[in-house]
Every structure is written in C-alpha cells, then in structure tokens.
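In: predicted model and sequence follow; I will ask about them next.
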2 protein chains.
Amino acid sequence: MSQAIADLFRRITCGVYVIGVAVGERHNAFTAAWVMPVSFDPLLLALSINPRHSSYELLKQGKSFSVNVLSREQMDVARHFGSPASTDKLASVAWRRGRDGTPLLVDALAWFECELTGECPAGDHVLALGRVINGALLKPDAAPLTYRETGDMDGAAAIFPDRFS
Amino acid sequence: MSQAIADLFRRITCGVYVIGVAVGERHNAFTAAWVMPVSFDPLLLALSINPRHSSYELLKQGKSFSVNVLSREQMDVARHFGSPASTDKLASVAWRRGRDGTPLLVDALAWFECELTGECPAGDHVLALGRVINGALLKPDAAPLTYRETGDMDGAAAIFPDRFS
C-alpha cells in the first residue's frame, strides 16, 4: 500500500532541482523535487526541506538558497546530487557562486537565487520561503526534467506511509 | 520583462488541479497550479491560495479542501474552473462530496481529500497545509496536465513583476 500511495502522489507534478546552500567557504547542493512558486509580489519560491538534512543548517545560517532547474538530459546530475553526501558533490561539476554565495550550476536549464524570508513547519519537513532576487533562463529550448520521470530514484516509495490516517 | 520573468517561472514544473472547498451546502471549486507534497509523515499537501479569492473563506471555515488532478485531456475543465465565478461552476460537471463535503470530480485523473492543519503567510498568497486523509487514482494510464501546457490561459504573465527586487 506504501507503493499505492507513492503511485498516487506521483500524479502531483513536480520538477527536479539542485538546491544550493552556502555559508562563507562552506557549501553544499542536493537534489529536491518539492519546489514551487507561491507568491507574485514579492516573488517567492517555497522549498520543502527535511530539517535533519545536513544542508538545512547551511540554509538557516546562510539565509539563502539557489534553485537550479535540471533538464530532461540531466538525470545523471539529479542522481549525483541525490546520493548521500560523503564527499563534496560540487567538486566534479561546473558551478559559480551567486550574489549570496549559493552555488549556481553552469549547465542548469535555469536558476533562481533566493533570500530566505521565512519558514513554516510542515510535518516532517520545513517550508523555506525564498524571495527571488535573481534568475536566468540558460536553455530556453530544453524540457525541464519532471520528478515522475526519475521513477523511484530517490527511494521515496518506501518512505510513503502504508495508509491514510 | 514581466514576460521574461513569467517565461523563467514556467520552468518550475507544476501540475493543474481543481481545488474544491465546502461549508455545509455551500461549495466552490477553482483551478490552481501551486500545489505540492511537503511532508511524508504526516502526509501533507501544500496549496498556495490568494486570500482575496472567494474560495479562501470557504477553505478557512470548512477546514478542508480537495485536490482533483486534471489529465492532459482536460484543458477545458481547467479553463472552466479557472474562469471568474459568476455562476456555480460545479453545476455542469459530475462530482460528489468527499468525507468533509469537499467536491471530488468524477472524471479527475486522481483526487486527494485534505484536512486543513495549518496556514503560513507567503507574500500575496497563503500556504494552506492539508493532511491527506483519503485519495484515489482513477485513471492510472492518463498523463497529468502540466501548468506549462496551459500556456498563459490564466493570464499570469501579466501578473509577474517586471524585474527582480
């Protein structure tokens, strides 16, 4: 039934992103799907992040995050930044620092730079609200990778509960 | 430039949903794209809603909302529930009430029933957090409609700001 609920949630359409965080010389990046626009004025993106994730502290301290949009051709990049962090995952990828120091992937389809403006507890995650201070569309003709296309790459099917409660 | 920022935000992948709300015999439904999962345990969906929208009061009072997932074949349904509410938009569509009375579309690809568990201000919108108490996948072989496929049906391009600030 965990699989049935996972299958159902796969019908909520999401993209695939590499989220970048940084504090001074420290930086990290990880794959995430739970990102969406939430406000026009100010221009806000919401990111749902697990507060036990090692990057959460960097996000809190750096008060900023980048959202790098992956294209359909970047499944390998999604997998790379979705693997457990044992080494510096950014070491093997072309990137540069944004205004707030957050990592921007040179080969992303697009990127956004966000300043953390608020947080909201959301079950086992935290919703981070980011004011978009800058953005660029690098590959206008590329199709964004959808979360559904990644199958169960992140192992989420096993995390979904067995039943509604 | 409003168009340029709208184009950029189109790379954040979202689906298209009909959100249902109800209080007693009163009910309403409207098209929305800003919906995503935000927590596994409890199982939560977040909906970003404009608090000036007429359905917001019903959502607050009813403390629940439904999320009906539209398929690629239901652009007309997205348009119907996205038009200004002058009449009962549900009158011409097959639907039934869920456990909390919220409208479930009989022809949806899938639906979720959510109990409002919290709210979070998010710029000119409010993030409504809904605990998923029930759900069903009605058309497993249909492809969900993506927001990007609807073009500028909702006129959002004109709402995006001219520049980052």
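Out: Noted; the coordinates are in hand.
In: which stretches of chain A aren't confidently modelled?
Out: When residues are selected by pLDDT under 70, those of chain A lie in A:1, A:85.
In: would you confirm that A:Gly130 contacts A:Leu45?
Out: Yes - between A:Gly130 and A:Leu45 a contact is recorded at 5.0 Å, counting by Cβ atoms under 8 Å. All C-beta spots, glycine's among them, are computed from the backbone N, C-alpha and C.
In: who has more neighbours, those two?
Out: A:Gly130 (28 against 23; other Cβ atoms under 10 Å in any protein chain shown).
In: and the gap between the residue nearest to A:Gly24 when sequence neighbours are not counted and chain B?
Out: In this structure, A:Gly24 finds its nearest non-sequential neighbour in A:Gly101, 7.5 Å apart by Cβ to Cβ, 6 or more residues apart in numbering or on different chains. In this view, A:Gly101 and chain B are 17 Å apart by Cβ to the nearest Cβ, to the nearest Å.
In: ok, now A:Ser54?
Out: From A:Ser54 over to chain B (counting by Cβ to the nearest Cβ), the distance is 18 Å.
In: and the strands in chain A?
Out: For chain A, applying DSSP state E gives strands covering A:17-23, A:26-32, A:35-39, A:44-49, A:64-69, A:95-97, A:103-105, A:110-122, A:125-137.
In: are there residues contacting both of A:Gly130 and A:Leu45? Which ones?
Out: A:Val67, A:Phe112, A:Cys114 (Cβ atoms under 8 Å, 6 or more residues apart in numbering or on different chains).
In: which of those are buried, as a PyMOL select command?
Out: Remark: buried members of those, expressed as a PyMOL selection using 16 or more other Cβ atoms under 10 Å in any protein chain shown:
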select buried, chain A and resi 67+112+114
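In: who touches stretch A:71-79?
Out: A:16, A:18, A:31, A:70, A:93, A:105, A:107-109, A:139, A:142-146, A:149-150, A:153.
In: show me the beta-bridge partners of A:Glu115.
Out: Beta-bridge partners for A:Glu115, by DSSP bridges, are A:Ser64, A:Arg131.
In: chain B versus that one, what's the distance?
Out: Shown here: A:Glu115 relative to chain B, a distance of 11 Å by Cβ to the nearest Cβ.
In: with A:Leu8 instead?
Out: 5 Å.
In: thought that residue was touching B:Lys139?
Out: No - counting by Cβ under 8 Å, A:Leu8 does not reach B:Lys139; the two are 11.7 Å apart.
In: neighbour count for those two, which is higher?
Out: More neighbours surround A:Leu8 than the other of A:Leu8 and B:Lys139, with 20 against 16 (other Cβ under 10 Å).
In: who's in contact with that one?
Out: For A:Leu8, the contact set (Cβ under 8 Å, 6+ apart) comprises B:Ala110, B:Phe112, B:Gly135, B:Ala136, B:Leu137.
In: redo that, cut-off 10 Å
Out: A:Phe160, A:Phe164, B:Val69, B:Ala110, B:Trp111, B:Phe112, B:Val132, B:Gly135, B:Ala136, B:Leu137, B:Pro140 (Cβ atoms under 10 Å, 6 or more residues apart in numbering or on different chains).
In: and for A:Glu25, the neighbour number?
Out: So A:Glu25, with other Cβ under 10 Å, has 6 neighbours.
In: tell me how far it lies from B:Phe112.
Out: According to Cβ to Cβ, to the nearest Å, A:Glu25 stands 43 Å off from B:Phe112.
In: A:Ala142 now?
Out: In this view, A:Ala142 and B:Phe112 are 31 Å apart by Cβ to Cβ.
In: ok, A:Phe112 next?
Out: Taking Cβ to Cβ as the measure, A:Phe112 falls 27 Å from B:Phe112.
In: and if you look at A:Tyr56?
Out: A:Tyr56 is 27 Å from B:Phe112, by Cβ to Cβ.
In: can you check A:Val69 too?
Out: As judged by Cβ to Cβ, A:Val69 and B:Phe112 stand 26 Å apart.
In: please apply the same query to A:Ala29.
Out: Applying Cβ to Cβ, the value for A:Ala29 to B:Phe112 is 31 Å.
In: likewise A:Ala78?
Out: Relative to B:Phe112, and taking Cβ to Cβ, A:Ala78 is found at 25 Å.
In: tell me which residue is most central in chain A.
Out: A:Ala32 (3.3 Å; Cα atoms, centre = their mean).
In: ok, that one touching A:Ser48?
Out: Yes - using Cβ atoms under 10 Å, A:Ala32 is in contact with A:Ser48, at 7.8 Å.
In: show me the common contact partners of those two, please.
Out: With Cβ under 10 Å, 6+ apart, A:Ala32 and A:Ser48 have no common neighbours.
In: the strands of chain A into a markdown table, with extra columns for distance to B:Gly118?
Out: Shown next, in a markdown table, are the strands of chain A (distance: least, Cβ to Cβ, whole Å):
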| stretch | distance to B:Gly118 |
| --- | --- |
| strand A:17-23 | 23 |
| strand A:26-32 | 21 |
| strand A:35-39 | 14 |
| strand A:44-49 | 13 |
| strand A:64-69 | 22 |
| strand A:95-97 | 35 |
| strand A:103-105 | 31 |
| strand A:110-122 | 8 |
| strand A:125-137 | 10 |
